[in-house]
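Novice: got a predicted model here, sequence first, then my questions.
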Amino acid sequence: MHDLRNPHVREVRLMAARVTVCGKLKGGTGKTRLAKMIAMYMAVVEKRKTHLIDGDSVSQTTWDWKQDYERATGKPYPITVTRHPFEDINDHIRELEADNDEIVIDIGGGNAVAFGAALERAHRLFVPVGADPSEVRRLPATWKAATSAAALSEVGGLQTWVVLSRTDHQTAMPGQYRDMLTSGENNQFVYPVMQAEMVKRVAYQRAYGTVPTISDFRRLYPDVGQVLEEAGMIEKAVVPV
């Protein structure tokens, strides 16, 4: 974990909601899956009132997931989802804070301004990265944007993590990229890479348009709880039996 602080904010107002951003300045990194699963875990397992914001200006998968679930089942979605891929997303977050326990934001792609605005209200940032050179090459730009946003933080700063995403341990790639990101080799920044990973699973591909149960998080998606436990968002993850 890496703390990015705003030294000019000495006293942070205690807000009702904890604000979590899942984002990266590149699409296709698994940020939507991570945001959805975090939001649903907090709502379904932890029973916390959760609001999910789809802030992706390119693809509204988070919003479509909710819509398709409600059309297919005729049931209301268990978390509130709004679309707000705009540069004033920090104002939108501020309006929601008093009425929620958790606010989770799926944001990134190419919208650096909205990404930075969301981080001004965030307590934590998860940056999902695949073990792939095309994804790692955008990590410095994302980190620079996060550092700049932290200097403008309205809540005193944020905690940041890199989460290895869609990892396949039948190959050596995840271990190689973990070593590269944490060793500072080739004059790279030393990134705070989580021990927990979002492993490549067929179950995640089948999760679209569904609402996982506690049993699903225990059997099919154990990585979600592991990420949240390592980040200190929950006391103990549900574990496979």
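Specialist: Arrived safely, thanks for sending. Residues are numbered from 1 along each chain as shown.
Novice: dump the residue contacts of the residue lying closest to Arg121 once chain neighbours are set aside.
Specialist: Closest residue to Arg121 apart from its sequence neighbours, by Cβ to Cβ, 6 or more residues apart in numbering: Ile93 at 4.3 Å. C-beta coordinates here come from the backbone N, C-alpha and C atoms, glycine included. By Cβ atoms under 8 Å, 6 or more residues apart in numbering, Ile93 lies in contact with Val19, Ile53, Ile103, Ile105, Ala118, Arg121.
Novice: which of these sit farthest apart?
Specialist: Greatest spacing in the contacts of Ile93, by Cβ to Cβ: Ile53 and Arg121 (10.6 Å).
Novice: ok, now how distant is the residue nearest to Glu229 when sequence neighbours are not counted from Val224?
Specialist: Once flanking residues are discounted, Glu229 sits nearest to Ala237: 4.4 Å by Cβ to Cβ, 6+ apart. Separation of Ala237 from Val224 (Cβ to Cβ, to the nearest Å): 8 Å.
Novice: please name the nearest non-neighbouring residue to Trp63.
Specialist: Nearest non-adjacent residue to Trp63, counting by Cβ to Cβ, 6+ apart: Asp54, 4.5 Å away.
Novice: for Asp68, same thing?
Specialist: Per Cβ to Cβ, 6+ apart, closest to Asp68 is Gly209, 4.2 Å.
Novice: doesn't the one you found lie inside a strand?
Specialist: No - if the criterion is DSSP: H, G, I helix; E, B strand; the rest coil, then Gly209 is coil and not within a strand.
Novice: surely it touches Tyr69?
Specialist: Yes - using Cβ atoms under 8 Å, Gly209 is in contact with Tyr69, at 5.0 Å.
Novice: alpha carbons only: can I get the lengthiest strand in the chain in PDB?
Specialist: Across the chain, the longest stretch assigned as strand under DSSP state E is strand 157-167. In PDB, the C-alpha atoms belonging to strand 157-167 read as follows (Å, rounded to 0.1, in the frame of the first residue of the first chain):
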ATOM      1  CA  GLY A 157      -5.200  11.900   0.500                       C
ATOM      2  CA  LEU A 158      -5.700   8.300  -0.500                       C
ATOM      3  CA  GLN A 159      -4.200   4.800  -0.200                       C
ATOM      4  CA  THR A 160      -3.200   3.100  -3.400                       C
ATOM      5  CA  TRP A 161      -2.600  -0.400  -4.600                       C
ATOM      6  CA  VAL A 162      -1.800  -2.200  -7.800                       C
ATOM      7  CA  VAL A 163      -3.800  -5.400  -8.200                       C
ATOM      8  CA  LEU A 164      -2.600  -8.000 -10.700                       C
ATOM      9  CA  SER A 165      -5.600  -8.900 -12.800                       C
ATOM     10  CA  ARG A 166      -6.700 -11.900 -14.900                       C
ATOM     11  CA  THR A 167      -3.500 -13.800 -13.800                       C
END
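Novice: list the helices and strands that strand packs on?
Specialist: The contact analysis (3 or more Cβ pairs under 8 Å, 6 or more residues apart in numbering; DSSP states H and E) places strand 157-167 against strand 2-5, helix 31-44, strand 124-130, helix 139-151, helix 173-183, strand 198-199.
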